[in-house]
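S.K.: Structure here, sequence nowhere to be found:
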DNA sequence: TGCACGGTTGCATTATCATGCAAATGAGAT
DNA sequence: ATCTCATTTGCATGATAATGCAACCGTGCA
């Protein structure tokens, strides 16, 4: 698979993985930002895995990251100059969820978000199975 | 890469390849249908390659195929029950084309389309480099 | 029935990607 | 400075996907 038309290919390639879809979908549906540990507790995937997937999404121009102390907040890019991102966002929100995977992700994220203090995450990974020792 | 959430994953996976993006984009922009030989002459890719890519797009639910004699016409599915397909179509049409790859595809398709008789393709692959012997 | 031709597919090869572990980075707190 | 902790990454491995060639299928025509 050779890249010739930079934009579109990187974009769809970035969405070709189920874990990355779940992450983008969560951010698109909530319109919120999330740090890695919140995503770990929401998607129930190990931190190193998500960290790498988020990097790919960042490189594709879909996500941006903002470091705040030890936490890194990820959010969808709402590019003014990129109208197709809006269509993409609309599409993500309109996708069916036959297996309920996304609904479960969203539920865990809502719960996890209640641990925030002043809108900021102040804890690490809560799920003991996924916390690095 | 494991499939857990059938719909979205097959969909984005199907769009993860540059050749497939070019094909879908062409059909989305023109709103027309096209047979394999027309696509070969438009995208300048060998028939066996396109045939397989089109199959993947069909299996993902993005394209439908209709056989007419020796020709097979491919077109985008305009599913009534699937609102996200409309958003996807909007997005494809809004994508930038920095390298002009898509514009070139479109130009070749417009030319090739003039060989139709009564709106139907009546010839095979025109490009001698790509015609099977 | 045999031929020509648009389209498809089996097979082997090569390239690409995702994953897990363990180690490392870097920023705050002690 | 040192320790803790959220996050990242190098490396090795296994899984998946893309490609080219050649053979094949199926339809229409002589």
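M.R.: Great, that's in hand. Quick caveat, the model's predicted, so the values are computed rather than measured.

S.K.: what's the pLDDT at residue A:29?
M.R.: At residue A:29, the predicted lDDT confidence score is 95.

S.K.: surely it meets residue A:92?
M.R.: Yes - assessed by C-beta atoms under 8 Å, residue A:29 is found in contact with residue A:92 at 7.5 Å. For glycine as for every other residue, the C-beta is placed from the backbone atoms N, C-alpha and C.

S.K.: neighbour-wise, which of those two wins?
M.R.: Counted by other C-beta atoms under 10 Å in any protein chain shown, residue A:29 and residue A:92 do not tie: residue A:92 has more neighbours, with 21 against 17.

S.K.: Can you give me the neighbour number for the closest residue to residue A:15 other than its chain neighbours?
M.R.: Beyond its immediate neighbours in the sequence, the residue positioned closest to residue A:15 (C-beta to C-beta, 6 or more residues apart in numbering or on different chains) is residue B:12, lying 4.1 Å away. Using other C-beta under 10 Å, residue B:12 has 23 neighbouring residues.

S.K.: For residue B:12, pull up the helix or strand it's in.
M.R.: Using DSSP states H and E, residue B:12 sits in helix B:6-14.

S.K.: Now whichever residue of chain A sits closest to DNA strand D. Nearest residue, chain neighbours left out?
M.R.: Each residue of chain A has a distance to DNA strand D, by C-beta to the nearest atom of the strand, and the smallest belongs to residue A:124, at 2.0 Å. Across the structure, with C-beta to C-beta, 6+ apart as the measure, the residue nearest residue A:124 apart from its sequence neighbours is residue A:37 (5.0 Å).

S.K.: Next: residue A:31.
M.R.: Distances taken as C-beta to C-beta, 6+ apart place residue A:76 nearest to residue A:31, at 8.0 Å, with adjacent residues excluded.

S.K.: hey, what's the one you found bridged with?
M.R.: residue A:63 (DSSP bridges).

S.K.: From residue A:35, how far off is it?
M.R.: 15 Å (C-beta to C-beta, to the nearest Å).

S.K.: Kindly report the same for residue A:13.
M.R.: Applying C-beta to C-beta, one obtains 25 Å for the distance of residue A:13 from residue A:35.
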